[in-house]
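Chemist: When you get a sec, could you give me coordinates for this:
(2 chains)
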Amino acid sequence: ETGVTQSPTHLIKTRGQQVTLRCSSQSGHNTVSWYQQALGQGPQFIFQYYREEENGRGNFPPRFSGLQFPNYSSELNVNALELDDSALYLCASSVGLLADNEQFFGPGTRLTVL
Amino acid sequence: SQQGEEDPQALSIQEGENATMNCSYKTSINNLQWYRQNSGRGLVHLILIRSNEREKHSGRLRVTLDTSKKSSSLLITASRAADTASYFCATDARGYSTLTFGKGTMLLVSP
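Modeler: Have a look, this model is predicted:
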């Protein structure tokens, strides 16, 4: 078990709705990255937050947005949900931005869009 | 898009046997990492190998990296049923912590 927690564990939404997923980073970590993992695929990078600022974004549309709070916890918001948004959403926390620093992943939120 | 491709997609072995998984990637990297994922849950970091390293060991794990072929391999020796999981390689093209993952290898270790 890492010190990274995510909520909720599971979520079912319908197409067109909006969803907010939450991530609490490990103590002392100031960087949070979000990944989407479709069934049978590897995780795909959505975006990263460092000290409350977005530090990079993958190939995801603007309806995927995020936020990082002063305590370094983070939210992922998805608007206008589509069926293809059904996936496991993972957050990872780390210290700083260098890849040498180990990333600790949370257990994920399983989102199902009907 | 996926940076790496793991091979094989699935591997089934008996306890005590060795398991070898391969990863190929497309662009230059600074580091390559291997992760394990149990039953579609969170990822667990196994090992990081830097682009200037050729081999690294950690317990029963041995990782090799060939930057000229843009490939890496993960060897798990004396496998156990608890090693059953999906294994992913991940690369960081810029040295920053935004990782690009492959599609993974599903390993099944039977008692």
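
Chemist: Do a quick rundown of the strands in chain A.
Modeler: A:5-7, A:10-13, A:19-24, A:31-37, A:44-50, A:53-57, A:64-68, A:74-78, A:87-94, A:104-105, A:109-113 (DSSP state E).

Chemist: count of neighbours near A:Asn55?
Modeler: A:Asn55 has 17 neighbouring residues, counting by other CB atoms under 10 Å in any protein chain shown. (Glycine included, C-beta is placed from N, CA and C.)

Chemist: just for chain B, where's the confidence low?
Modeler: Within chain B, the segments meeting pLDDT under 70 span B:1-4, B:93-97.

Chemist: thinking again about what came up before, make TSV out of the strands of chain A and add mean pLDDT and distance to B:Lys26.
Modeler: Listed next are the strands of chain A as TSV, based on pLDDT from 0 to 100; distance: least, CB to CB, whole Å:
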stretch	mean pLDDT	distance to B:Lys26
strand A:5-7	96	30
strand A:10-13	97	34
strand A:19-24	98	29
strand A:31-37	95	19
strand A:44-50	94	15
strand A:53-57	91	19
strand A:64-68	97	24
strand A:74-78	98	27
strand A:87-94	95	22
strand A:104-105	92	24
strand A:109-113	98	29
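
Chemist: Okay, and the beta partners of the residue nearest the centre of chain A?
Modeler: By CA atoms, centre = their mean, chain A has its centre lying nearest to A:Trp34, at 3.1 Å. Bridge pairing for A:Trp34 (DSSP bridges) gives the partners A:Phe47, A:Cys91.

Chemist: Please name the residues that touch it.
Modeler: A:23, A:45-48, A:66, A:74, A:76, A:89-92 (CB atoms under 8 Å, 6 or more residues apart in numbering or on different chains).

Chemist: hang on, isn't B:Leu108 packed against B:Pro8?
Modeler: No: contact criterion CB atoms under 8 Å: B:Leu108 and B:Pro8 do not qualify, at 11.5 Å.

Chemist: So the two - more neighbours on which side?
Modeler: In this view B:Leu108 and B:Pro8 are compared by other CB under 10 Å, and B:Leu108 has more residues nearby, 15 against 12.

Chemist: A strand includes the more buried one, no?
Modeler: Yes: assessed by DSSP: H, G, I helix; E, B strand; the rest coil, B:Leu108 belongs to a strand.
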